[in-house]
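K.L.:
No letters, just coordinates:
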């Protein structure tokens, strides 16, 4: 379908509007999603940080009390357990906030058997082999009531000289409201479905605090995998100072994602409406500047239908000297006047010798229509004076619309610039021959073109005759014969001649830096030929060729150089490691068993990998380097590769 200039301008404007709004929409679409998810993540991070600070503050207050009591006991310089118990009763602040407080002497001789048992049961959690130098908190265990977790806080007791006397151990129930209270309060203040808990860190985390007491001391779920908006949850974590615990908050992202999707739908609806409105405004705005061109086009069509008309264009588009539309209209009037003058001259000539002109024209038409070639006549000004029907068929344009037009007007500026050298030489009096390839409606076609100058009696060129012959079939046959000459008849791979031509062409195209050559030799192939015969050996070669094609890219060239020698040319390789990976695939493919006529055969392959062609060297140097590396691979034990930069 042929579109008018107005339709093309409207479509182009609409495409620009849609592309711009689509780019804005994509950016806004992503910003909506990242912004809302980021805000929810920030809120959860703030909440977990606050909860961790509150829980940590409660634990730190108890640790401070216990350390103060330990310091007072150490100041008395007593090591009698009875006196220590009396000191503990006097230190009421030490017991505040703990279920019980015990003194565990550093010596093995403990006055209180119960204390000894307690010390032994807690030793792994509180006392190290080198005696702890600071207050520690044990791993959570079940409380006596079995409904909560408890920990033992142990503070070292030292005398005035700094020697360790023992430990002051306090049992703390984590179900106390001033310890686990922030967890319960957060659980009630956040939406349903939000999971809040305190868990230990490390490879086997357990739950320390949880609104649901049945979850306490159970194995904590992993938060590293399966979290995030894509998994339907948003997770925040915050460490509790002074412990190896952390606060975890996991909230469902479903409501947020639903809101995001609604906002994104609203965004696209708004952009669609805006695009529709802008396209309509653009179509309306294009009408006024294009209306004079439509009028001029109608005038030109009328002049072509009625050549005797004066070719005058409306005054409203021809009076403004600064307007390109007016300039185009004036050029049309000038061209129409020149054409009319040429028609008048031709009419005068016909009137002077009508029979001679008619005979010459009939002879020229008969000759040019009979030969299977495109024939044109171009004058000294580069304008077409004659074209045959083959030229009309080639360009799909009637000759009436070609006669009088210049070479750039008919060929187009791009094609004219490509062939300008030859047309200028022909207009200078030289006969030229060249070939051109064109993308035609019937496919790619090759033309052999000759420009023969029209020389006057004084030797000057008054134009030239162009003759173009279609040699597409000839070139295709040449290519087919060349391909047959460069193919291995057994495997269908490129043979040595095609392989060498391909390497040379790669260097001519400047692809040496990213070129890798894999030289391949089959291992243990000769025994297969000797034992089972050449037909079986040929089948093995064919099967290996098929595996070789599967191991490389379609753009890579695989070749059989002769016998059991193969090669692969890799183009566009970034580094030697990529070439080595391809070589390893080929070695593995050759190592797999071959099934031929019910026989299972085992061979192998050694590969030499050469990468890159340095300046001043050629493809033969690359081949020689790859062959040397292949020899090294075979010498190292076969069934492997050897590689190096060239």
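P.N.:
Received it, and whenever you're ready, just let me know what you need. On a predicted model such as this, the values are computed, not experimentally measured, just so you know.

K.L.:
List the buried residues of stretch 546-556.
P.N.:
547-549, 551-552, 556 (16 or more other Cβ atoms under 10 Å). Using the backbone N, CA and C atoms, a C-beta is placed for each residue, glycine as well.

K.L.:
Identify, from those residues, the entry nearest to residue 457.
P.N.:
Nearest to residue 457 among the buried residues of stretch 546-556, counting by Cβ to Cβ, is residue 556 at 62.6 Å.

K.L.:
Can you name the residues that contact the closest one?
P.N.:
Shown in contact with residue 556 (Cβ atoms under 8 Å, 6 or more residues apart in numbering): 568-571.

K.L.:
what's the answer for residue 618, then?
P.N.:
Here residue 618 is in contact with residue 507 (Cβ under 8 Å, 6+ apart).

K.L.:
starting at the chain centroid, how far to the lengthiest helix in the chain?
P.N.:
Criterion DSSP state H: the longest helix present in the chain is helix 5-76. Computed by Cα atoms, centre = their mean, to the nearest Å, the chain-centroid distance of helix 5-76 equals 28 Å.

K.L.:
swap in stretch 479-499?
P.N.:
36 Å.

K.L.:
Please parse this structure into its domains.
P.N.:
As given by automatic domain parsing, the domain ranges for the chain are 1-274, 306-347, 353-476, 487-645.

K.L.:
tell me the average confidence for the second one?
P.N.:
Per-region confidence: domain 306-347 scores 65 on mean pLDDT.

K.L.:
if I look at the nearest residue to residue 29 once chain neighbours are set aside, how far off is residue 39?
P.N.:
Of all residues not flanking residue 29 in the chain, residue 264 sits nearest, at 5.4 Å (Cβ to Cβ, 6 or more residues apart in numbering). Distance from residue 264 to residue 39, counting by Cβ to Cβ, to the nearest Å: 16 Å.

K.L.:
Compare these two (neighbour count), which wins?
P.N.:
Neighbours were counted for residue 264 and for residue 39 using other Cβ atoms under 10 Å; residue 264 has more, 16 against 11.

K.L.:
So residue 162: helix, strand or coil?
P.N.:
Recorded secondary structure, residue 162: coil (DSSP: H, G, I helix; E, B strand; the rest coil).

K.L.:
distance of it from residue 182?
P.N.:
Distance from residue 162 to residue 182, by Cβ to Cβ: 37 Å.

K.L.:
and if you look at residue 456?
P.N.:
108 Å.

K.L.:
Neighbour count for those two, which is higher?
P.N.:
residue 182 (24 against 11).

K.L.:
What are the neighbouring residues in contact with the more buried one?
P.N.:
50-51, 54-55.

K.L.:
between those residues, which is closest to residue 490?
P.N.:
residue 51 (76.2 Å).

K.L.:
give me the number of residues near the closest one?
P.N.:
Residue 51 - counted by other Cβ under 10 Å - has 23 other residues nearby.

K.L.:
how close does it sit to residue 187?
P.N.:
Distance of residue 51 to residue 187, given as Cβ to Cβ: 10 Å.

K.L.:
Now the common contact residues for these two.
P.N.:
With Cβ under 8 Å, 6+ apart as the test, residue 51 and residue 187 both reach residue 196.

K.L.:
List the contacts of stretch 414-433.
P.N.:
So stretch 414-433 is contacted by 378, 380, 382, 407-408, 411, 434, 436, 448-453, 455, 459-461, 463-464, 466 (Cβ under 8 Å, 6+ apart).

K.L.:
Skipping its backbone neighbours, what lies nearest residue 411 in space?
P.N.:
Using Cβ to Cβ, 6+ apart, the closest residue to residue 411 is residue 419 (7.1 Å).

K.L.:
which stretch of helix or strand covers that neighbour?
P.N.:
Using DSSP states H and E, residue 419 maps to helix 413-427.

K.L.:
after that helix, next one along is what?
P.N.:
strand 432-440.

K.L.:
Each with direction, which strands does that next one pair with?
P.N.:
Sheet pairing for strand 432-440, assigned by DSSP bridges, gives strand 443-455 (antiparallel).

K.L.:
Do I have it right that residue 197 meets residue 207?
P.N.:
Yes: judged on Cβ atoms under 8 Å, residue 197 makes contact with residue 207 at a distance of 5.4 Å.

K.L.:
Now the common contact residues for these two.
P.N.:
Contacts common to residue 197 and residue 207, judged by Cβ under 8 Å, 6+ apart, are 215, 220.

K.L.:
So how do I select the buried members of the contacts of residue 182 in ChimeraX?
P.N.:
Entered in ChimeraX, the line below selects the buried ones among the contacts of residue 182, by 16+ other Cβ under 10 Å:
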select :51,54,55
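
K.L.:
Including distance to residue 13 and pLDDT, could the contacts of residue 182 go into a markdown table?
P.N.:
What follows is the contacts of residue 182, written out as a markdown table (distance: Cβ to Cβ, whole Å; pLDDT from 0 to 100):
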| residue | distance to residue 13 | pLDDT |
| --- | --- | --- |
| 50 | 55 | 89 |
| 51 | 57 | 88 |
| 54 | 62 | 88 |
| 55 | 63 | 87 |
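
K.L.:
Go through the contacts of residue 182 and say which is closest to residue 272.
P.N.:
Once Cβ to Cβ is applied, the member of the contacts of residue 182 that ends up nearest residue 272 is residue 50, at 43.6 Å.

K.L.:
List the residues that contact the most centrally placed residue in the chain.
P.N.:
Per Cα atoms, centre = their mean, the C-alpha nearest to the average position across the chain is that of residue 574, at 16.3 Å. Contacts here follow Cβ under 8 Å, 6+ apart; on that basis residue 574 touches residue 514.

K.L.:
Name the SS class of it, please.
P.N.:
coil.

K.L.:
Ok, residue 518 next?
P.N.:
strand.

K.L.:
Would you mind listing the residues in contact with it?
P.N.:
567-570, 579, 582-583, 586, 607-609, 626.

K.L.:
Low-confidence bits of the stretch 351-500 of the chain, can you list those?
P.N.:
Counting by pLDDT under 70, the low-confidence segments of the stretch 351-500 of the chain come to 351-358, 360-361, 483-484.

K.L.:
What are the boundaries of the helices in it?
P.N.:
354-370, 389-395, 407-411, 413-427, 472-485, 496-508 (DSSP state H, counting those that start in this stretch).

K.L.:
Now find how far off-centre the fourth one is within its chain.
P.N.:
Meaning helix 413-427. 42 Å.

K.L.:
by contact count, what packs against the one helix or strand residue 527 maps to?
P.N.:
Under DSSP H and E, the secondary-structure element containing residue 527 is helix 525-532. On a contact count with 3 or more Cβ pairs under 8 Å, 6 or more residues apart in numbering; DSSP states H and E, helix 525-532 meets helix 534-551, strand 599-601.

K.L.:
Deepest-packed of those, please.
P.N.:
helix 534-551 (a mean of 17; mean count of other Cβ atoms under 10 Å).

K.L.:
buried residues in the next helix or strand after it?
P.N.:
Once the chain leaves helix 534-551, the next helix or strand it forms, by DSSP H and E, is strand 557-562. Neighbour counts over strand 557-562 (16+ other Cβ under 10 Å) mark 557-561 as buried.

K.L.:
Distance to residue 341 and pLDDT added to the residues you listed, as a markdown table?
P.N.:
Formatted as a markdown table, the buried residues of strand 557-562 follow (distance: Cβ to Cβ, whole Å; pLDDT from 0 to 100):
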| residue | distance to residue 341 | pLDDT |
| --- | --- | --- |
| 557 | 62 | 92 |
| 558 | 67 | 93 |
| 559 | 67 | 94 |
| 560 | 71 | 93 |
| 561 | 71 | 90 |
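
K.L.:
Could you dump the residues you listed into a markdown table with distance to residue 443 added?
P.N.:
Formatted as a markdown table, the buried residues of strand 557-562 follow (distance: Cβ to Cβ, whole Å):
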| residue | distance to residue 443 |
| --- | --- |
| 557 | 25 |
| 558 | 28 |
| 559 | 29 |
| 560 | 32 |
| 561 | 34 |
